[in-house]
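Chemist: any chance you could fold what I've pasted below:
(chains A and B)
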Amino acid sequence: SQTIHQWPATLVQPVGSPLSLECTVEGTSNPNLYWYRQAAGRGLQLLFYSVGIGQISSEVPQNLSASRPQDRQFILSSKKLLLSDSGFYLCAWRGGTLNQPQHFGDGTRLSIL
Amino acid sequence: QKEVEQNSGPLSVPEGAIASLNCTYSDRGSQSFFWYRQYSGKSPELIMSIYSNGDKEDGRFTAQLNKASQYVSLLIRDSQPSDSATYLCAVKSGGGADGLTFGKGTHLIIQP
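Modeler: This is a model prediction of the structure:
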């Protein structure tokens, strides 16, 4: 069966510091991968998605970036965090056809001080 | 802009009753519809998927889709306290872009 791992579970970072969140999927090949952010009082917002190695689509302009160095690895990064980057970051994967559901990892709760 | 609207609640339902959760969406070309359950502090968990008009049942859960009215609902029969959570409606639009558009969720409270 497929599993998705995200780490770390929680992170506290000062404003202006860099960020790297990692997500890996097991038990499937060539998954579609996604990064979402859920801010307090707001819905899940799609940040990036990837259909393959090195292929990244950005949905929202911001100071975040994403990379997919390996088939089942998806990384979310920032060079300089802002206070507004606080939130619950969720990685998700989808296999098969375009209409299949997405499945989420456990998430990373990021607090910016 | 594609939107998914849900009543934020809280929706309070007595234990054993039917909980009814509703969702409307703006993109008429949407093809796939999902309900996720999210417990406080946890990640969303898929409950139901529905793709065509009508009802789809899975255990105590029934999803209903009406594309003409751009309306999706989730019924939970014999509600249990463990059903207390936020329920997120998610829609996959018909365009080429990937990713889901989520509503802000309905907070459901099942009263023992």
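Chemist: any buried residues in stretch A:24-31, and which?
Modeler: Across stretch A:24-31, burial judged by 16 or more other Cβ atoms under 10 Å in any protein chain shown covers A:24-25, A:28, A:31. In this view, the C-beta of every residue, glycine as well, is placed from N, C-alpha and C.
Chemist: now do stretch B:18-33
Modeler: B:19, B:21-25, B:27, B:30, B:32-33.
Chemist: return only those of those residues found close to chain A.
Modeler: B:S32 (Cβ under 8 Å from any Cβ of the partner chain).
Chemist: out of the buried residues of stretch B:18-33, who's nearest chain A?
Modeler: B:S32 (4.2 Å; Cβ to the nearest Cβ).
Chemist: quick one: contacts for the closest one?
Modeler: Taking Cβ atoms under 8 Å, 6 or more residues apart in numbering or on different chains, we find B:S32 in contact with A:99, A:101, B:49-51, B:91-92.
Chemist: returning to that earlier point: from the buried residues of stretch B:18-33, pick the one nearest A:S50.
Modeler: Comparing the buried residues of stretch B:18-33 against A:S50 with Cβ to Cβ places B:S32 closest, at 19.4 Å.
Chemist: who does that closest one form a beta bridge with?
Modeler: B:S32 forms beta bridges with B:K92, as assigned by DSSP bridges.
Chemist: can you list which of the buried residues of stretch A:24-31 are found in helices?
Modeler: The helices, defined by DSSP state H, take in nothing from the buried residues of stretch A:24-31.
Chemist: list just the nearest of those residues to B:V4.
Modeler: Distance ranking of the buried residues of stretch A:24-31 against B:V4, using Cβ to Cβ, places A:P31 first at 23.9 Å.
Chemist: ramachandran coordinates for the closest one?
Modeler: phi -80, psi 160 (degrees, to the nearest 10).
Chemist: low pLDDT regions in chain A?
Modeler: Within chain A, the ranges that satisfy pLDDT under 70 run A:61.
Chemist: ok, the residue nearest the centre of chain A - contacts?
Modeler: Chain A has A:W35 as the residue nearest its centroid, 3.0 Å off, counting by Cα atoms, centre = their mean. Under the criterion of Cβ under 8 Å, 6+ apart, the neighbours of A:W35 are A:23, A:46-49, A:66, A:74, A:76, A:89-91.
Chemist: rerun at 7 Å
Modeler: For A:W35, the contacting residues are A:47-48, A:66, A:74, A:76, A:89, A:91, by Cβ atoms under 7 Å, 6 or more residues apart in numbering or on different chains.
Chemist: and it, bridged to which residues?
Modeler: In beta-bridge terms (that is, DSSP bridges), A:W35 pairs with A:F48, A:C91.
Chemist: for the one helix or strand B:T86 maps to, packing partners?
Modeler: Element membership for B:T86 (DSSP states H and E) is strand B:85-92. For strand B:85-92, the helices and strands in contact under the criterion 3 or more Cβ pairs under 7 Å, 6 or more residues apart in numbering or on different chains; DSSP states H and E are strand B:19-25, strand B:32-38, strand B:101-102, strand B:106-111.
Chemist: what does chain B have sitting close to chain A?
Modeler: Chain B has residues B:31-32, B:34, B:43-44, B:46, B:49, B:51, B:92, B:98-100, B:102-105 near chain A, with proximity defined as Cβ under 7 Å from any Cβ of the partner chain.
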